[in-house]
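> whatever this is, show me its structure:
(chains A and B)
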Amino acid sequence: MAPGSDRSLSRRDNALFLLCVVLSVVMLARPEVGLRVATFIRVSVLRPFLWMQERAEASRTTRAAFERLRAERDSAVYAALFLPSLRAENQRLRTLLRTRDRLPIPYIPAEVLHQSQPTDGRTLLLSAGKAAGVRPFDVVVSAEGLIGVVREVDRDRSLAWTWMHNEFRASAFTLPDKVFGVVREAGQLTGSAQLLQLRGVAIRDTIHNGTLVVTSGLGGVYPPGIPIGTVIGQAREETGWERIFVVRPAASPQDASQVLILHQTTDTSLARAFVPDTTP
Amino acid sequence: MITMRADRGRLWAVLGLLAVMQFAIRPRLGYSQVAPDFLLLALMLYSIRSRPGAAAVAGFLVGLAGDAVTPARVGASALAHTLVGYLAAWGRAVFFPDNLFVNGLVIAVGVWIRNAVQALASGPSAAGLTYPLLVYAPLQAITTALTAALILVIFQRWLDIRLDS
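Now for the predicted structure:
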């Protein structure tokens, strides 16, 4: 290849690279543009791939495994129970089913379609969409507690922002003392994206380690009584006008494989639905 | 020396297979944070056989697909994959001797760089990145590199590469 031609190819390579970088930066700077593009790709190009993933996820997760096992004879179930992973899956499923039995409001079950991106967990792609009745701002819970809230809904899938998202906020109080505060992720505060912080606690209030934090119902999005986590310590206060407590979350978005999408908000506390079951 | 006489049709077949594996096999593996990233692997395999410009565009498209399914910060994945594709294409002259270990190592580094750039670009701060970058990213890099080694060994004729023993 002639040196001149090689130089022109190299220039073209650099131009293409810069164009891609600029487009990426534009989407970072203008999230509304980026979200429109993302939604379009999700409902068009990626649709068959996500369908494939949904099938794969369903065949792996407990719901499908349990339905298959239930259809088999007792001997097969007995044999399967000795496999540690299946036993753990069954335990989670049992917990999940009891939660579903006790929930006093309508819900939609959904599989979580986990992705390979490092930001998976801040948002979750769920296998239920408009067709199943999911709407924006429906609350997403797992058997253990609060996961997040639905923000975007396609026909067959929806997208939830979890408590790991930096824009997540939920009004909460402690049980049994009912000390109020606002819960958000604690990445900047603790250096761990796996923890939450309870902010805005009045300076006169004290919360002991191990205290349960649940949604308060204020704000009209999250019904009251959904477990958020337990207090594990107090963070250093910067302003001196509030107390900040570190909370270990009850539910992990990165580990959730099935969730329930609550279809309607309520003033009635959902705390009873999350009381741990006795071990069978 | 890896010879670059790749039959594009067979290369695309392997890339297509990896794309299908990403959506049909990966969910069955569990441990989403550390399971191999077949799409990134496909991007790296393509990039090291292409010009940097084409690799950057391929990276951008793969990243855009990632942004579509995890839009915590749309654009972060596109930026990260663009950089990785471009660097892999430029680096092949330096980094790609005919050695399986080196191939795996470069792909592992690519995974880590992708995760680091995407996590940093997703903000809002570098706080809270210890676990994702020092635990999950290296583990995912290792699983992806091992998968890459397996793919290279199985499909070396299709990918038209000659690996030294």
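> now A:Arg135: how far from A:Ile261?
Between A:Arg135 and A:Ile261 the distance is 9 Å, computed by C-beta to C-beta, to the nearest Å. C-betas here are computed from N, CA, C, even on glycine.
> and these two? which has more neighbours close in?
Neighbour tally, A:Arg135 and A:Ile261, criterion other C-beta atoms under 10 Å in any protein chain shown: the higher count belongs to A:Ile261, 25 against 14.
> surely that one meets A:Ser158?
Yes. If you go by C-beta atoms under 8 Å, A:Ile261 and A:Ser158 touch, sitting 7.4 Å apart.
> so B:Ala65, which of the three states?
helix (DSSP: H, G, I helix; E, B strand; the rest coil).
> does it touch B:Leu39 like I think?
Yes. Using C-beta under 8 Å, B:Ala65 is in contact with B:Leu39, at 7.3 Å.
> quick one on the thing from earlier: give me the common contacts of A:Ile261 and A:Ser158.
In terms of C-beta atoms under 8 Å, 6 or more residues apart in numbering or on different chains, A:Ile261 and A:Ser158 are both contacted by the residues A:Ala110, A:Leu126, A:Ala128, A:Val134, A:Asp138, A:Val150.
> what's the closest of these to B:Ala54?
Closest approach to B:Ala54 among those (C-beta to C-beta): A:Leu126, at 34.8 Å.
> list the residues that contact the closest one.
Taking C-beta under 8 Å, 6+ apart, we find A:Leu126 in contact with A:110-113, A:134, A:140, A:150, A:157-160, A:259, A:261.
> angles on the backbone of A:Arg248, please.
With angles defined as degrees, to the nearest 10, A:Arg248 shows backbone torsions of phi -90, psi 120.
> next up, the contacts around it.
Here A:Arg248 is in contact with A:Leu195, A:Leu196, A:Gly229, A:Thr230, A:Val231, A:Ile232 (criterion: C-beta under 8 Å, 6+ apart).
> go with 6 Å
Applying C-beta atoms under 6 Å, 6 or more residues apart in numbering or on different chains to A:Arg248 gives the contacts A:Gly229, A:Thr230, A:Ile232.
> among those residues, name the buried ones.
Using 16 or more other C-beta atoms under 10 Å in any protein chain shown as the burial test, these include A:Gly229 as buried.
> quick one: the helices in the stretch 101-250 of chain A?
Taking DSSP state H, counting those that start in this stretch to define them, one finds helices in the stretch 101-250 of chain A at A:187-190.
> ok, and does stretch B:129-148 reach over to chain A?
Yes. Under the criterion of C-beta under 6 Å from any C-beta of the partner chain, chain A is reached by stretch B:129-148 at B:Pro132.
> interface residues of chain A facing chain B?
Along chain A, the residues adjacent to chain B under the rule C-beta under 6 Å from any C-beta are A:12-13, A:16-17, A:20-21, A:24, A:27-28, A:31, A:34-35, A:38, A:41-42, A:46, A:49, A:52-53, A:56-57, A:60, A:114-120, A:122-123, A:125, A:166, A:187-188, A:191-193.
> looking at the residues you listed, which are in strands?
Among the residues of chain A next to chain B, the subset assigned to strands under DSSP state E consists of A:Thr123, A:Leu125.
> what is the neighbour count of residue 145?
In the absence of a named chain, chain A is used. Look at A:Gly145: counted by other C-beta under 10 Å, it has 21 neighbours.
> not quite, I wanted chain B
A count of nearby residues for B:Ala145, using other C-beta under 10 Å, gives 24.
> likewise for B:Arg157?
B:Arg157 sits with 10 neighbouring residues when counted by other C-beta under 10 Å.
> how is it assigned, secondary-structure-wise?
Secondary structure for B:Arg157, judged by three-state DSSP, is coil.
> need the residues of chain B near chain A, please.
Applying C-beta under 6 Å from any C-beta, we find that chain B lies next to chain A at B:23-24, B:27-28, B:32, B:37, B:51-53, B:56-57, B:60, B:66-72, B:74-75, B:77-79, B:82, B:86, B:115, B:118-119, B:122, B:124-125, B:127-128, B:132.
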